[in-house]
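S.K.: how would this look folded up:
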Amino acid sequence: MISGEFAKHWRNEFPDGDVPRMNLNSVEDIERELEKCKASMKLLQRALSEEKFKVIYLQTTIAQKKKSYDTERWGGKEGNQPEADVAAPKPDSAEPPSAHERFVRESTRVPTRIKLTTRSCPVMSASESTAWCGLVSSLLVPTLIPSLSLSLSLSLSLSLSLSADFNYNTDGYEGDGAEDRKSQDGSETMPFIDESPTMSPQLYMHALYCPVCGFLVSSMVCGIRIYSLHVSVSQVDMEKGLEMKKLVLSGFLASEEIYINQLEALLLPMRPLKATATTSKPVLTMEQIETIFYKIQDIYEIHKEFYDALFPSIQQWNDRVTVGHFFKKLASQLGVYKAFVDNYKVALETAEKCSQANSQFQKISENVKVKGPKDSKDCTTTVTMEALLYKPIDRVTRSTLVLHDLLKHTPKEHPDFALLEDALRISQNFLSIINEEFDPRRTAVTTPKGEVRQLVKDGFLVEMSEGSRKLRHVFLFTDLLLCAKMKKTAVGRNQQYECKWYIPLADLAFQALDDSDSCPPVQTLPEHEIEEMKIKISVIKSEIQKEKKAQKGQSRIVDRLRKKMNEQESCLLLNSPTIPFRIHNRHGKSYLFLLSSDYERCEWRESIQKLQKKDLQSCELSTVELQVLTSSCFKLRTVHNIPVTTNKDDEEPSGLYGFLHVIVHSATGFKESANLYCTLEVDSFGYFVSKAKTRVFRDTTEPHWNEEFEIELEGSQCLRILCYEKCYDKSKLNKDDNEIVDKIMGKGQVQLDPQAVQSKNWHVDVIEMSGIKVEFSMKFTSRDLSLKRTPSKKQSGVFGVKISVVTKRERSKVPYIVRQCIEEVEKRGIDEVGIYRISGVATDIQALKAAFDTNTKDILVMLSDMDINAIAGTLKLYFRELPEPLLTDRLYPAFMEGISLSDPAAKENCMMHLLRSLPDPNLITFLTLLEHLKRVAEKEPVNKMSLHNLATVFGPTLLRPSEAESNKPHVTLASDIWSHDVMAQVQVLLYYLQHSPISFAELKRNTLYFSTDV
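M.R.: So this is what the prediction gives:
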């Protein structure tokens, strides 16, 4: 087990090296291996010290030989240069100097303007200190800093560490344990060199402690890593400081190139893995891919943009070049790294599990090819995916550390200094909170002041702008609300947002209830046009399914149909919302959004108000800051697509089609008595619609409604329940919709799992909402099952009994139940919002059903006391439970053919002829209902029920295919049933509703001129 762990970590550290064989079976074995490693290190340390001396000797000799360089630089001859005053401690012994010391002393000649002083190193003898000092002088002074001022002082803390890179690692600042750095035999120990777990040849530079004595030194690099000189920056020539800055930037740029190549290597396997995820034999699921490679694409794009911007500045370097704005922008996007860091552990676990379960992915993950730098001889290296996934973790601190060195070599008066300071502050602030607990799905950017601006919520909303509806993407940050629209970009280019406006949360206010200013009415699309869009969407969806099943390979046809459906769905989402959500800027400007659901409006309001409880300060963004923030929105967003079918995978469930029966039982958790009721919402065509409402339970903390509702589903996937406190104060009106504002006490939602709800038994559930618990039950009946009609066994009743039998028994032309329900609705329900659309309480409907079936004497009293939606629901139930639809099974195919005729005259003749073909009781009852529905539609401005709305409610009830017709093989999916049958049924009823008044007598009179055969 231990050996396996060692091999795993070794491969992470040295991807290209073979794992050494080690016996790690017991503690004793591990101790023996440790002693071997220590002995080996001593040998290597001695060899390293010897090689260091060679390098120093050779570089010093080269410096001495470059006499012409010295002459030009100092304006004199070498022989005229006096020796520096080198104050060195006397040796411990009086022995004559060694050849090594003589060489050092001969090589310590420097210009008179430079004064060198030394201090004894706590772990060196005096003679060794003198030797090191001489070597430093000869190596560095003539070649790197010849123009320093007279008071330059050098500390003796010098060491060379051979490396091909500058190393930005915080662990390099190591000053403790100086005594441990020298071995027992007096030889110098190897300095501590720290690299990431997956070391790569990157270029770094930073301040370190001397590996010999532990004294602090600052870095000055010329091709190798050097623990070098204590230099006062104020004394360094500006020109040389800028040269050092260029050197740091060049090294960082080289490491950035390598880092980009590593990210690119990670993205290479991601693309084919995604391609196979949609096939019958996927290597990984789409969810696994998204988890493993989470935010890699975004990080790659951030650094590629940074590299492309920084590279030209280094190539055209001069003292006026500024790079601080590049680093400031990079620092502002560190929020993406926060999301990556939060997901890192899950990504590694997922990758490991997938490797164990799939040999193909294991092979991919263990052999990722990384492209080398442009000037590298080695074209590619092989690295594990686990090693590459660590790179962003390692990198996130290094870009912060390089800012220290850039500031150190940037004069305070240089334009870059303030920008780099801002970038450093932002980076340090980000690193200080990196380990705090945040929601891993939330990402953040950072303000110029170093404060984190975190994305809390985002989504697509419809804004009323200049009198028209516009689809916007709204982003709620911790300190401001930003409204953006997607820019139109060329094919192949990254999408970008354009900011339309923003409001600091400190300046944001909601619509005041007592504000008497009138608001312009919101223009809405006629209901029948909305329904027509739904018809088109359903028909196109059905055509797409047909094309896929045909397997003709006509992908162009499918793509064309998808494009048409996307246009219709986008138009529907733009025009369907009607619930106003108005926000104000305290400086006077107001904005109006339209939402489809009160649930959604409540979510946005609560999220904003929660943030406003904090001590927020108003902020004003500069043009650059606003541009940076808007650009970051594309990477930070959590909602990527508008909720249309074309943005969903084919494997995603299409939702439920049929009827959902819901019983709202009770609610608990209210602290004070109130007048309480609930509403039910379900999603349909990408947005939510209110479908049912319980009665108001007055003055209670524990309402027990026990009300049942039947809700028609059209591809629905979610049920929402909202609990309200009823407001009876008519002075509190919402000026946007002129309705009394009821307070939302709580809200919650539940996914409609087909396996859970598609059963004969009720599924009991509880939704918790802000301390409130609502108990409810539900069961689902698919549309094909709902088509079946069961005749009543008791012929004495009215429900489930043929209409001809009922009218004959009652000696009437229209059944009593139809007449009484219509009369009651027209008496007190014609002004009710959503009449016939809002479901009545199922228990009330069942009570009325039983009363009509038994011909209860007090039926009129019951009707006058009953909720009007229950009466409307009873009428709908009566027609739905007829053993044969009102417009008959026999004529159903003819109605479908007649409504599809394109010639108006032919359609008129056919549709009137079909009515004449109905049995008299059916025809008279239908005409009676027709005139009633027209009277209801006349009150559309009040009850919101248009002719099309009413046709949608009653069409599938009055005109349904027979069981034999619905079982035909061409209809296979619930969505097909909706598109092929229901929409056509709606169109048949709508035709008659839109027709001029139809007289029974006139129809019968014209029967003489037409054949009754159909």
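S.K.: contacts and neighbour counts: CA atoms only from here.
M.R.: OK.
S.K.: Lys470 pairs with what?
M.R.: Beta bridges link Lys470 to Glu463, judged by DSSP bridges.
S.K.: Could you give the number of residues near it?
M.R.: Neighbours of Lys470 under the rule other CA atoms under 10 Å: 17.
S.K.: mind checking pLDDT for it?
M.R.: If you check Lys470, the pLDDT there is 93.
S.K.: Work out the gap between whichever strand or helix holds Ser804 and the centre of the chain.
M.R.: Using DSSP states H and E, the secondary-structure element containing Ser804 is helix 803-810. Mean-position distance between helix 803-810 and its chain equals 61 Å (CA atoms, centre = their mean, to the nearest Å).
S.K.: I'd like the mean pLDDT over it, please.
M.R.: Here the average pLDDT along helix 803-810 is 92.
S.K.: Any regions of the stretch 901-1014 of the chain where pLDDT drops low?
M.R.: Where the stretch 901-1014 of the chain drops to pLDDT under 70, the residues are 963-980, 1006-1014.
S.K.: Not including adjacent chain positions, what is the nearest residue to the residue positioned nearest the centre of the chain?
M.R.: Closest to where the C-alpha atoms of the chain average out (CA atoms, centre = their mean) is Thr638, at 1.7 Å. Closest residue in space to Thr638, ignoring its immediate chain neighbours: Asp458 at 6.7 Å, by CA to CA, 6 or more residues apart in numbering.
S.K.: quick revisit: return the distance of the residue nearest to the centre of the chain relative to Phe460.
M.R.: From Thr638 across to Phe460, the span is 11 Å (CA to CA, to the nearest Å).
S.K.: Check Thr397 too.
M.R.: Thr397 sits 35 Å away from Phe460, going by CA to CA.
S.K.: Tell me which of those two has more neighbours.
M.R.: Phe460 (20 against 17).
S.K.: Enumerate every residue touching that one.
M.R.: Leu471, Arg472, His473, Val474, Val639, Ile642 (CA atoms under 8 Å, 6 or more residues apart in numbering).
S.K.: that's a helix at the third one, yeah?
M.R.: No. Under the criterion used here (DSSP: H, G, I helix; E, B strand; the rest coil), His473 is strand, not part of a helix.
S.K.: which SS state does the residue nearest to it when sequence neighbours are not counted fall under?
M.R.: Counting by CA to CA, 6+ apart, His473 lies nearest to Phe460, which is 4.5 Å off, once chain neighbours are set aside. At Phe460 the chain is in strand, as set by three-state DSSP.
S.K.: With the flanking residues excluded, which residue is spatially nearest to Gly955?
M.R.: In this structure, Gly955 finds its nearest non-sequential neighbour in Val986, 4.5 Å apart by CA to CA, 6+ apart.
S.K.: quick one: contacts for the one you found?
M.R.: Contacts here follow CA under 8 Å, 6+ apart; on that basis Val986 touches His948, Ala951, Thr952, Phe954, Gly955, Pro956.
S.K.: what about the nearest residue to the third one once chain neighbours are set aside, helix or strand, and which?
M.R.: Once flanking residues are discounted, Thr952 sits nearest to Val986: 5.2 Å by CA to CA, 6+ apart. Mapping Val986 onto the secondary structure by DSSP H and E places it in helix 983-994.
S.K.: try Thr397
M.R.: Element membership for Thr397 (DSSP H and E) is helix 385-408.
S.K.: Check Leu330 too.
M.R.: Element membership for Leu330, per DSSP H and E: helix 324-332.
S.K.: Centre of the chain to the helix or strand hosting Ile503, how far?
M.R.: For Ile503, the enclosing helix or strand under DSSP H and E is strand 497-504. Chain-centre distance of strand 497-504: 19 Å, with CA atoms, centre = their mean.
S.K.: Kindly report the same for stretch 924-937.
M.R.: For stretch 924-937, the distance to the chain centre is 50 Å (CA atoms, centre = their mean).
S.K.: Check which residues of it are buried.
M.R.: For stretch 924-937, burial by neighbour count (16 or more other CA atoms under 10 Å) applies to Ile924, Thr925, Phe926, Leu927, Thr928, Leu929, Leu930, His932, Leu933, Lys934, Val936, Ala937.
S.K.: biggest separation within these, which pair?
M.R.: Within the buried residues of stretch 924-937, two members stand farthest from each other by CA to CA: Ile924 and Ala937, at 20.2 Å.
S.K.: Mind jotting down where the strands sit in the stretch 201-350 of the chain?
M.R.: 208-209, 216-217, 225-227 (DSSP state E, counting those that start in this stretch).
S.K.: Under a three-state scheme, what state does Ile767 occupy?
M.R.: Classification of Ile767 using three-state DSSP returns strand.
S.K.: all numbers from here: first residue = 7
M.R.: Shifting the count to begin at 7 puts that one at Ile773.
S.K.: what about it, how many residues close to it?
M.R.: Applying other CA under 10 Å, we find 17 residues neighbouring Ile773.
S.K.: Give me the three-state assignment for the residue nearest to Met470 when sequence neighbours are not counted.
M.R.: Using CA to CA, 6+ apart and skipping residues adjacent in sequence, the residue nearest Met470 is Leu598, 5.6 Å away. Following three-state DSSP, Leu598 is assigned to strand.
S.K.: what about Gln322, how many neighbours?
M.R.: 8.
S.K.: same check, this time on the one 4 residues further on
M.R.: Other residues within reach of Arg326, judged by other CA under 10 Å, total 10.
S.K.: quick one, phi/psi of it?
M.R.: phi -100, psi -10 (degrees, to the nearest 10).
S.K.: Please apply the same query to Ser1005.
M.R.: Backbone geometry at Ser1005, expressed as degrees, to the nearest 10, gives phi -100, psi 130.
S.K.: And it, how far from Cys489?
M.R.: 56 Å.
S.K.: for Ser582, same thing?
M.R.: Separation of Ser582 from Cys489 (CA to CA): 20 Å.
S.K.: ditto for Lys677
M.R.: Distance from Lys677 to Cys489, counting by CA to CA: 38 Å.
S.K.: Which of the two has more residues huddled nearby?
M.R.: Neighbours were counted for Lys677 and for Cys489 using other CA under 10 Å; Cys489 has more, 21 against 11.
S.K.: Please tell me I have it right and that one contacts Phe483.
M.R.: No. Counting by CA atoms under 8 Å, Cys489 stays clear of Phe483, with 11.1 Å between them.
S.K.: my guess is Leu964 contacts Glu890, does it?
M.R.: No. Here Leu964 does not reach Glu890: they are 9.2 Å apart, not a contact under CA under 8 Å.
S.K.: Which one of the contacts of Phe466 sits in the busiest neighbourhood?
M.R.: Among the contacts of Phe466, the one with the most neighbours (other CA under 10 Å) is His479, at 26 neighbours.
S.K.: which residues touch that one?
M.R.: Neighbouring residues of His479 by CA under 8 Å, 6+ apart: Asp464, Gly465, Phe466, Leu467, Cys489, Ala490, Lys491, Met492.
S.K.: cutoff 7 Å now
M.R.: By CA atoms under 7 Å, 6 or more residues apart in numbering, the residues touching His479 are Gly465, Phe466, Leu467, Cys489, Ala490, Lys491.
S.K.: Retrieve the pLDDT associated with the residue nearest to His479.
M.R.: 93.
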